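Asker: what shape does this take:
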Amino acid sequence: MQDIWQNILTYLKVQFGTLDLGKLLNELVYDPDSPLIFSSGMFMCMFAIFIVVYALLRNKSLARTIFVVAFSYYFYYKSSGIYFFLLAVVTCSDYIIGDLLHNSHRRWVRKLLVLLSLVIDLGMLGYFKYTNFFGQLWADFTGAPWQRLDIFLPVGISFFTFQSLSYIIDIYRRKIEPVDNLLDYAFFVSFFPQLVAGPIVRASDFIPQMYKPVHVTRQMLGTGFWFILIGLFKKAVISDYIGENFVARVFENPIQFTGIENLLGAYGFGMQIYCDFSGYSDMAIGLALLMGFHFNINFNNPYKAASVTDFWRRWHISLSTWLRDYVYISLGGNRKGKIRQYLNLFITMLLGGLWHGASLNFVFWGALHGIALALHKMWMTITRGAKFVQSRLWHVFMVIFTFHFVIFAWLLFRNADITWSGLFYNGEWGKLGIMLSQITTNLHLELLPEVIVNYRHIFVLIALGYALHFVPDRLSQRCRDVFVKMPAFLYAVVLIILVVVIVQVKTSQVQPFIYFQF
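Answerer: Numbers count the residues shown, from 1 in each chain. So this is what the prediction gives:
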């Protein structure tokens with residue numbers, strides 16, 4: 001027990017150092033090697049102070065709004081430094097455009113204003129995220145030299161640009177009215193729980209909550225702590241540990257591992273990325289609840305999906321619905337015939353893949369999911385009314401099949417060293433090709449017991465993650481209800497216990513969230 005508390009003290013010392021004013025000031029300044037993230041001790045302490053001030057200002061609307069916006073901008077500064085000005089550019093431009101759009105009645109003027117918003121938001125996103133990607137593609141096609149530009153990618157730029165764009169498009173479609181003033185719009189765009197990695201919050205869901213009195217019920221308090229604790233466990237215990245101690249090693253040097261280790265590394269990454277991203281979303285939902293705001297759920301047990309279509313109804317729901325409502329439907333959706341529907345699905349997912357990153361592996365990953373969605377739509381048309389597709393056995397088979405398709409697609413997602421010239425001129429798939437070769441030609445299934453023993457702690461956490469993922473929804477809800485009804489002081493006890501666990505399994509430093517790069 002003494003060793004455990006010594007480890008906690010060491011952890012806190014590493015996180016905060018001694019109470020030296022100079023070191024404290026350094027902690028408050030942007031450090032590119034140490035962005036402020038939810039699972040860090042620094043953020044927990046800052047949020048504890050923040051929520052106290054927030055509670056004191058709950059009946060002072062203007063002061064509370066200014067305080068939250070200021071904290072949100074500081075939070076983004078701690079994530080991306082001086083590039084917080086991009087957030088201000090998007091906020092100011094779309095606020096003005098939204099106001100003009102609402103007051104304009106000529107169709108061509110309204111279209112021109114939407115186009116202006118697209119040019120500003122997507123132009124900025126394109127420069128920072130895709131300049132080098134498209135420059136390199138052009139160089140590969142033409143043979144012209146390309147000197148890669150030193151462009152910093154601001155954290156979460158894809159998230160807040162998409163969120164602001166949805167506001168403009170919804171005003172254009174006359175689904176919502178603009179906010180009252182620029183400060184309120186800044187509150188909406190910069191709200192720190194979902195600022196850098198989602199969920200992508202819709203204006204129609206969030207803005208009405210801004211104008212209501214702050215009221216955090218006992219149910220909201222308990223549920224908020226539940227989501228924070230679950231998210232922290234997913235991220236800091238499962239994702240970070242299996243990622244640093246097994247998955248990263250396999251993916252970085254797959255030739256050094258047998259086929260069975262590469263295969264287990266793929267299953268491990270499936271759990272790592274789920275726990276990492278859903279863990280962030282859970283914490284964002286929990287933090288927002290403690291402030292009196294409700295976010296829609298962003299993950300709904302995606303590996304239980306019985307089809308690729310079902311998977312995208314469960315995985316990163318805020319993005320998949322955004323792509324559906326603002327890309328797929330805008331392209332024509334299913335209104336222009338089957339062939340056009342399949343093409344629209346493919347284009348939507350291709351753009352969804354490109355949204356994730358400026359790299360060919362993301363393009364291929366999105367294209368693969370787009371093809372799978374189109375094929376599933378075809379299959380549904382062919383088998384409509386067939387009894388076998390409604391059987392329990394077929395459902396189980398489809399869950400297993402969909403899961404393994406998603407895991408295979410994650411191999412594309414994770415291996416970013418695929419190049420246009422290597423793939424199309426030399427037939428080289430980079431580390432992805434090595435992993436597939438190891439799995440198909442050097443599996444060595446007989447080594448499975450030895451591998452599991454050697455990495456027993458890793459596979460205990462992977463197995464625990466999948467077991468909790470497939471727990472029936474009713475049981476999960478029952479556990480949450482029990483937790484919420486506990487005395488409030490026990491929330492802190494559970495949090496301390498979780499910190500003890502994190503200290504015991506933590507890696508050398510706090511790991512950034514995977515989706516920060518998007």
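
Asker: going forward, measure contacts between C-alpha atoms and count neighbours the same way
Answerer: OK.

Asker: Provide the secondary structure category for Trp379.
Answerer: Of the three states, Trp379 takes helix under DSSP: H, G, I helix; E, B strand; the rest coil.

Asker: any idea how many residues pack against it?
Answerer: Other residues lying near Trp379 total 11 when counted by other C-alpha atoms under 10 Å.

Asker: again with the one 5 residues further on
Answerer: Look at Arg384: counted by other C-alpha under 10 Å, it has 10 neighbours.

Asker: quick one, phi/psi of it?
Answerer: Dihedral pair for Arg384: phi -60, psi 120, per degrees, to the nearest 10.

Asker: kindly report the same for Pro472.
Answerer: Reported as degrees, to the nearest 10, the phi and psi values for Pro472 are phi -60, psi 140.

Asker: can you pull out the strands in the stretch 51-200 of the chain?
Answerer: Under the criterion DSSP state E, counting those that start in this stretch, the stretch 51-200 of the chain contains no strands.

Asker: my guess is Thr441 contacts Gly259, does it?
Answerer: Yes - using C-alpha atoms under 8 Å, Thr441 makes contact with Gly259 at a distance of 7.4 Å.

Asker: show me which of those two is the more surrounded one.
Answerer: Per other C-alpha under 10 Å, whichever of Thr441 and Gly259 has more neighbours is Gly259, with 24 against 11.

Asker: distance of that one from Gln219?
Answerer: Applying C-alpha to C-alpha, to the nearest Å, the value for Gly259 to Gln219 is 48 Å.

Asker: do the same with Cys479
Answerer: Here Cys479 is placed at a distance of 14 Å from Gln219 (C-alpha to C-alpha).

Asker: one more: Ser391?
Answerer: For Ser391, the distance to Gln219 equals 39 Å [C-alpha to C-alpha].

Asker: kindly report the same for Leu360.
Answerer: From Leu360 across to Gln219, the span is 45 Å (C-alpha to C-alpha).

Asker: which SS class is Ala358?
Answerer: Quick answer, by three-state DSSP: Ala358 is coil.

Asker: correct me, but it touches Lys129?
Answerer: Yes - Ala358 is in contact with Lys129 according to C-alpha under 8 Å; the separation is 6.4 Å.

Asker: which one's more surrounded, the two?
Answerer: In this view Ala358 and Lys129 are compared by other C-alpha under 10 Å, and Lys129 has more residues nearby, 24 against 19.

Asker: hmm, that one is touching Val155, no?
Answerer: No - Lys129 is not in contact with Val155 according to C-alpha under 8 Å; the separation is 10.5 Å.

Asker: show me what the top helix by length along the chain is packed against.
Answerer: What stands out as the longest helix in the chain, according to DSSP state H, is helix 107-142. Under the contact definition 3 or more C-alpha pairs under 8 Å, 6 or more residues apart in numbering; DSSP states H and E, helix 107-142 sits against helix 84-103, helix 157-172, helix 420-424.

Asker: could you dump these to a markdown table with mean neighbour count, mean pLDDT and distance to Phe459?
Answerer: Formatted as a markdown table, the helices and strands packed on helix 107-142 follow (neighbours: other C-alpha atoms under 10 Å; pLDDT from 0 to 100; distance: least, C-alpha to C-alpha, whole Å):
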| stretch | mean neighbour count | mean pLDDT | distance to Phe459 |
| --- | --- | --- | --- |
| helix 84-103 | 19 | 93 | 40 |
| helix 157-172 | 23 | 92 | 33 |
| helix 420-424 | 14 | 60 | 34 |
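
Asker: out of the ones you listed, flag the one nearest Phe299.
Answerer: Nearest of the helices and strands packed on helix 107-142 to Phe299, taken as C-alpha to C-alpha: helix 157-172 at 16.3 Å.

Asker: between that closest one and helix 107-142, how many degrees?
Answerer: Calculated by axes from the mean of the first three to the mean of the last three C-alpha atoms, to 10 degrees, helix 157-172 forms an angle of 150 degrees with helix 107-142.

Asker: could you check the angle helix 84-103 makes with helix 157-172?
Answerer: Angle of helix 157-172 versus helix 84-103, following the same axes, to 10 degrees, is 10 degrees.

Asker: how far out from the middle of the chain is helix 157-172?
Answerer: Mean C-alpha position of helix 157-172 versus that of the full chain (C-alpha atoms, centre = their mean, to the nearest Å) differs by 17 Å.

Asker: residues contacting Val214?
Answerer: Residues in contact with Val214, defined by C-alpha atoms under 8 Å, 6 or more residues apart in numbering, are 58-59, 291-292.
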